[in-house]
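S.K.: I would like to see how this sequence folds:
(2 chains)
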Protein chains: 2
Amino acid sequence: MKKKKVIIIGAGFGGLTVAKKLNNPGFDILLIDRTNHHLFQPLLYQVATAALSPADIAVPIRYVFNKQKNVTVLLGEITNVNLKERKVFFSQREFPYDYLVIATGSRHSYFGNDRWEKYAPGLKTLDDALKIRENILFSMEQAELTENHVEREKYLTFVVIGGGPTGVEMAGAIAEISKETIIKDFRRIKPEDTKIILIEAFDRILSSYSENLSASAKTTLERMGVDVKLNSKVIDIDQHGVYLIEGFIPTTNVIWAAGNNASPLLKNLDTELDRLGRVVVDFDLSVQGFDNVFVIGDAANYKNEKGNILPGVAQVAMQQGKYIASIISGSVTKSNRKRFNYIDKGSMATIGKAKAIANIRGMEFKGFFAWLIWSLIHVLFLISFRNRLKVMAEWIWFYFTSRQGIRLITKIGKGRMKEIPISQNPEKQRIE
Amino acid sequence: MKKKKVIIIGAGFGGLTVAKKLNNPGFDILLIDRTNHHLFQPLLYQVATAALSPADIAVPIRYVFNKQKNVTVLLGEITNVNLKERKVFFSQREFPYDYLVIATGSRHSYFGNDRWEKYAPGLKTLDDALKIRENILFSMEQAELTENHVEREKYLTFVVIGGGPTGVEMAGAIAEISKETIIKDFRRIKPEDTKIILIEAFDRILSSYSENLSASAKTTLERMGVDVKLNSKVIDIDQHGVYLIEGFIPTTNVIWAAGNNASPLLKNLDTELDRLGRVVVDFDLSVQGFDNVFVIGDAANYKNEKGNILPGVAQVAMQQGKYIASIISGSVTKSNRKRFNYIDKGSMATIGKAKAIANIRGMEFKGFFAWLIWSLIHVLFLISFRNRLKVMAEWIWFYFTSRQGIRLITKIGKGRMKEIPISQNPEKQRIE
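M.R.: Now for the predicted structure:
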C-alpha cells in the first residue's frame, strides 16, 4: 500500500499533537514550522520577565521527533497552498499531500494600527519575549542612571494593554520584579517609584472568568501595586507614551496583550474567514468543500453545539489534534465522522507568586491554592520537555529567594540606546 | 575623612576583582559596563555551540554587588576620559574620580578588513555567541531543506579562522554537534556530509603551548573530523565563502577567532599604545604620568621582568585587579609600589568531550585527564555564579547522553533567511 502524505503546518500544541498521534508507518509526515522549536507559550511571560531562560520553555522540534522516523521536520515559511491541486508551496518547491493540517496559530494584532508594534511589542514568540525583557531591564538601568526626574518617571512607568490572561500575568510579574525582586539591586530607584498600569477596554479584567474571580484578580493586582484602568480605550501609542481618552501616560515601556489575528496564510485558502482572520471550519474541523484539509487551534473558528466559539488555548488545540489524528489514521470518510467535542478541563490564570485564579469543572479557586494547582499543572504539562527539572528548580529557587537570575541584556548598548529618547537637557550634570 | 571616588570601567574578570576587593566604606566605587552582566568568557563557545544557555555563564553585575553597598553599577558606554582633569564623561554627564581603573578588555579585530565581520562574526559577547549559534543551526536546517547538492555542501562547511584556544574550542565543538550529536536528529544530512576546516596562519595551532601539546591537539582535532590547515592565509571573505592563497572554500559559516584589538576608548588617553591598541603600562600597571590611573587585563600591555607581554587570560586580569585594589586601599604612593608579579598557575585548552591539553606549572597533560582538570577548574571558577549547579547538571547530562538541548533559533525565519544566499535554480523541484 502506498504511504499517505500528511503535511502539518505549525508545530504548536495542535500540530505537534497530530504528528505524535500519527506514529504509524503508513503515513509520511512533513512538519513545517517558522521556528526550530516548539514553545510552551503559557510560560512565555516568565521569559519576558526574566524568571526563566528561553531553553527552559522551548524544545527543538527535531528533538521531539528524533525517534519517530515517519516525521520529517523542515524550517521555513509556507508561501502558498493550493487546496484543489493538493499542494503546498514552500522554499521554491512544491509538496503534494493527501491530508493537510493547518495549525498556524495567531499573532498579536493592533486593530489596523501596525505602527504601534514598534512601541508596544506583543508576546507570542521567544524573540518577542527577549525584546520585552531587554526593554524592561534597560529601562530600569536608564532610570538608575538619569538625574532627570521627568525622564526617570517615564522609564519607571510600565503600561500593559489588555486585561486577558497574558496582560494580567505580565502586569503581575512586572509588579513583582519592579517592586520586590530586581529593584532591590538598584541603589537610586525605589520600589515606590515604579508605576504599573493595566489597561482594559471592558468593565472587568479576565472576562472569560466569573465576575467574582475577575474582581478577586483585580483586588490582588491592586494590592501588588498595579493600577487597573477599566473601560479605558487606547487612542494612540508612540515613542513618548500611551494616549488614552482620559489622558496621556508618558512611558518607554508598553506591552501589547490586547488582540490576536490568525496567520495571514489563511487568506490564500479562498474559504470563509471570521473577522479575526480564522477559518470557519465544519463540524469535523475540515475546510468547507475539502474533506482532507483541517484547521485547528488558534487558526480555527469552530462553533460547538451550543454555538460558542472555542477559546484560543492549548487544551483546545491538543484535543483537536487528537481528534484529527484519529480521522486521518482511520481514513474516516466525511459521512462517518462524528462532531468534534471539546471537554473543558478547566482554566486558570496566574497573577503572581502564590496568587492565581482557577475554574475547574465549575469549581472556583483563588489565592495560594489556585496558584498551587496552576504550578502543578504547568509542571506536568512540561512533561515532554527535558528541562522540567530545571524549571522546577528555578521555581523553587525563586519561591524561597524572590530573586530572578535570568536578567540579561544580550545586545550591547550602543545601537539599542538610540531607540530610547534621551534627555534633551543640554546642561552637564554633576554627580557628587 | 572624605570618601575616595574610584571609577572602574568594565566588569570583566579584572574590573570585577578590583570592585570586590575594595569592599571598604572609605571608597565610593562607580562600576560602569556596556552590558548589564559579567560574562564567564572561557565558556562562551559553549553558548555558541548550543551546549549552555546565556544565563548559565552570565550573572547580572548588580546581583554580584547587591550586598556591597559602596558600589554603584551603571550601564552604558564612556564617551571620553580626561586624565588631567580626573573626569570620566558618560551619558551627557561628567564623573570626577580619585582613582581610575580601565579594564575595558578587547574586541575581535579583522586587521583592517572590517567588512569581513558581516560574514565572519567573532566571539566576545553573548550577542556574538547567539549570532553564531543561530547561524550554525540555521545552516543545518537549510542543508536539510535544500535539494541542491552544491548549496547543501556550502551550508555544511564550517570554517574557523584562527588556531588559538577559541578557534580550537569552536572547531572541536562544531565537529561534535555536526558529526555526533545534533546531526542525529536530521533525516537527510549525514555526519560525513559536514566539513569543518580550521585555518591557522602559523605552522602550528595553540602556539602558546609546547610543540608536543600542539601536535597532540592537531591529531585529536583530525580524528574528530576537523581539517586543520597550517601556514594558511585568508585573502578575503564574502557571502560566498573564504578565499585562501591555496584556493576558495564555499561556505555560509565562517567564525573569526584570529585576532583581538583593545577597546577604541584607549585612543583618547593620549598615552603610548602598542599595535593592538593596548596601553603600554608602567611596572605598577599605571599609565605613564598618572599614578592614579591603572589599566589591567586585555586592555594593558604589561611586560614582566623577563620582557614578556602577559597573555590576555582571566588569570592575569584577576591577579592584576587584586594588585591594584591593594595599592588603592593602602593609598600606596608610586615610590612605595612593588612591581606587579604574575604567577602562572597553568593554562589549558579544551578540544572536545574528554579531550583537552593542559600545562600546569610546567607539567603537561593531555586527553581525558587534562579534560577532567579543565572541567573541575571551570566549575570551581563559576563559584560566584548562582548557576553552577545547573551548569554541572548540563555537563553531566551532556556527557552521558551526547545530546544538546539549547539549540534555539529565537529569531523568526523571514528577515533572517534573506541574509543567506538562496539557490538561483528557477526550476521548481518536487519531493516524492
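
S.K.: Kindly state the pLDDT recorded for A:Y399?
M.R.: For A:Y399, the pLDDT comes out at 54.

S.K.: how far away is A:Y302 from chain B?
M.R.: Here A:Y302 is placed at a distance of 26 Å from chain B (C-beta to the nearest C-beta, to the nearest Å). For glycine as for every other residue, the C-beta is placed from the backbone atoms N, C-alpha and C.

S.K.: That should have said A:F65, apologies.
M.R.: 8 Å.

S.K.: For chain A, which segments count as helices?
M.R.: A:13-21, A:44-48, A:54-57, A:61-64, A:126-145, A:149-155, A:165-179, A:211-223, A:314-329, A:368-381, A:388-401, A:413-418 (DSSP state H).

S.K.: what residue ranges in chain A score low on pLDDT?
M.R.: A:379-408, A:410-432 (pLDDT under 70).

S.K.: does A:P264 really touch A:R278, like I thought?
M.R.: No - using C-beta atoms under 8 Å as the test, A:P264 is too far from A:R278 to be in contact (11.9 Å).

S.K.: Name the residue in the two with the higher neighbour count.
M.R.: A:R278 (24 against 10; other C-beta atoms under 10 Å in any protein chain shown).

S.K.: Contact partners for the more buried one?
M.R.: A:106, A:262, A:266, A:295, A:298-301 (C-beta atoms under 8 Å, 6 or more residues apart in numbering or on different chains).

S.K.: still on that earlier bit, need the helices of chain A in TSV (columns: mean neighbour count).
M.R.: Below are the helices of chain A laid out as TSV (neighbours: other C-beta atoms under 10 Å in any protein chain shown):
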stretch	mean neighbour count
helix A:13-21	25
helix A:44-48	26
helix A:54-57	25
helix A:61-64	23
helix A:126-145	22
helix A:149-155	18
helix A:165-179	26
helix A:211-223	18
helix A:314-329	21
helix A:368-381	16
helix A:388-401	15
helix A:413-418	12
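
S.K.: okay, the ones you listed in a markdown table with distance to B:D33 next?
M.R.: Below are these laid out as a markdown table (distance: least, C-beta to C-beta, whole Å):
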| stretch | distance to B:D33 |
| --- | --- |
| helix A:13-21 | 40 |
| helix A:44-48 | 23 |
| helix A:54-57 | 23 |
| helix A:61-64 | 35 |
| helix A:126-145 | 10 |
| helix A:149-155 | 19 |
| helix A:165-179 | 21 |
| helix A:211-223 | 35 |
| helix A:314-329 | 40 |
| helix A:368-381 | 35 |
| helix A:388-401 | 24 |
| helix A:413-418 | 9 |
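
S.K.: closest to B:L75 out of those helices?
M.R.: Relative to B:L75, the nearest member of the helices of chain A by C-beta to C-beta is helix A:126-145, separated by 4.0 Å.

S.K.: check whether the closest one contacts chain B.
M.R.: Yes - for helix A:126-145, a contact with chain B is found by C-beta under 8 Å from any C-beta of the partner chain, at A:126-127, A:130, A:137-138, A:141-142, A:144-145.

S.K.: Return the closest of the contacts of A:R278 with respect to chain B.
M.R.: Distance to chain B across the contacts of A:R278 (C-beta to the nearest C-beta) is lowest for A:S106, with 14.2 Å.

S.K.: CA atoms only: put stretch A:51-62 into CSV for me.
M.R.: The C-alpha trace of stretch A:51-62 is given here as CSV (Å, rounded to 0.1, in the frame of the first residue of the first chain):
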residue,chain,number,x,y,z
ALA,A,51,12.3,34.3,35.6
LEU,A,52,13.1,31.6,33.0
SER,A,53,15.5,31.2,30.1
PRO,A,54,14.3,30.5,26.6
ALA,A,55,15.6,27.0,26.7
ASP,A,56,13.5,26.2,29.8
ILE,A,57,10.2,26.6,27.8
ALA,A,58,11.2,25.6,24.3
VAL,A,59,12.3,22.3,22.8
PRO,A,60,13.8,21.7,19.3
ILE,A,61,11.1,20.1,17.1
ARG,A,62,13.7,17.7,15.7
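
S.K.: what about that stretch, distance to the chain center?
M.R.: 14 Å (C-alpha atoms, centre = their mean, to the nearest Å).

S.K.: check whether that stretch contacts chain B.
M.R.: Yes - using C-beta under 8 Å from any C-beta, we find that stretch A:51-62 touches chain B at A:53-55, A:58-60, A:62.

S.K.: and of those residues, the nearest to chain B?
M.R.: Nearest member of the residues of stretch A:51-62 next to chain B to chain B, counting by C-beta to the nearest C-beta, is A:R62, at 3.7 Å.

S.K.: Report the contact partners of the closest residue in space to that closest one that isn't next to it in sequence.
M.R.: Once flanking residues are discounted, A:R62 sits nearest to B:D185: 3.7 Å by C-beta to C-beta, 6 or more residues apart in numbering or on different chains. By C-beta under 8 Å, 6+ apart, the residues touching B:D185 are A:60, A:62-63, A:65-66.

S.K.: What residues sit buried inside stretch A:77-85?
M.R.: Residues A:77-78, A:81, A:83 are the ones in stretch A:77-85 that count as buried (16 or more other C-beta atoms under 10 Å in any protein chain shown).

S.K.: and what of stretch A:294-303?
M.R.: A:294-302.

S.K.: Among those residues, pick out the one closest to A:I29, please.
M.R.: Distances from A:I29 to the buried residues of stretch A:294-303, taken by C-beta to C-beta, are shortest for A:F294, at 13.7 Å.

S.K.: Please determine how far the residue nearest the centre of chain A is located from A:A11.
M.R.: When C-alpha atoms, centre = their mean is applied to chain A, the residue found nearest the centroid is A:K124 (4.0 Å). Using C-beta to C-beta, to the nearest Å, we find A:K124 at a distance of 14 Å from A:A11.

S.K.: do A:L230 as well
M.R.: Where A:A11 is concerned, A:L230 sits at a distance of 37 Å (C-beta to C-beta).

S.K.: for A:E211, same thing?
M.R.: Relative to A:A11, and taking C-beta to C-beta, A:E211 is found at 37 Å.

S.K.: And A:A299, by the same measure?
M.R.: From A:A299 over to A:A11 (counting by C-beta to C-beta), the distance is 13 Å.

S.K.: and for these two, which residues touch both?
M.R.: Common neighbours of A:A299 and A:A11 (C-beta under 8 Å, 6+ apart) are A:A103.

S.K.: sorry, back to before: including distance to B:L30, could the contacts of A:R278 go into a markdown table?
M.R.: Converted to a markdown table, the contacts of A:R278 look like this (distance: C-beta to C-beta, whole Å):
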| residue | distance to B:L30 |
| --- | --- |
| A:S106 | 47 |
| A:A262 | 51 |
| A:L266 | 55 |
| A:V295 | 58 |
| A:D298 | 49 |
| A:A299 | 53 |
| A:A300 | 56 |
| A:N301 | 58 |
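
S.K.: Please narrow these to those residing in strands.
M.R.: Members of the contacts of A:R278 lying in strands (criterion: DSSP state E): A:106, A:262, A:295, A:300-301.

S.K.: of those, closest to A:V313?
M.R.: A:S106 (11.5 Å).

S.K.: what's the distance between A:L376 and A:S347?
M.R.: 15 Å.

S.K.: re earlier: which one of A:L230 and A:A11 is surrounded by more residues?
M.R.: Neighbour comparison, A:L230 and A:A11: the larger count goes to A:A11, with 27 against 15 (by other C-beta under 10 Å).

S.K.: Which residue is the nearest non-sequential neighbour of the more buried one?
M.R.: Nearest to A:A11 is A:D33, by C-beta to C-beta, 6+ apart, at 4.1 Å.

S.K.: can you list the residues of the stretch 1-150 of chain A near chain B?
M.R.: So the stretch 1-150 of chain A meets chain B at A:34-37, A:53-55, A:58-60, A:62-63, A:65-66, A:69, A:72-77, A:91-96, A:125-127, A:130, A:137-138, A:141-142, A:144-147 (C-beta under 8 Å from any C-beta).

S.K.: again, only this time at 6 Å
M.R.: A:34-37, A:53-55, A:58, A:60, A:62-63, A:66, A:72, A:74-77, A:91, A:93-95, A:126-127, A:141, A:145 (C-beta under 6 Å from any C-beta of the partner chain).
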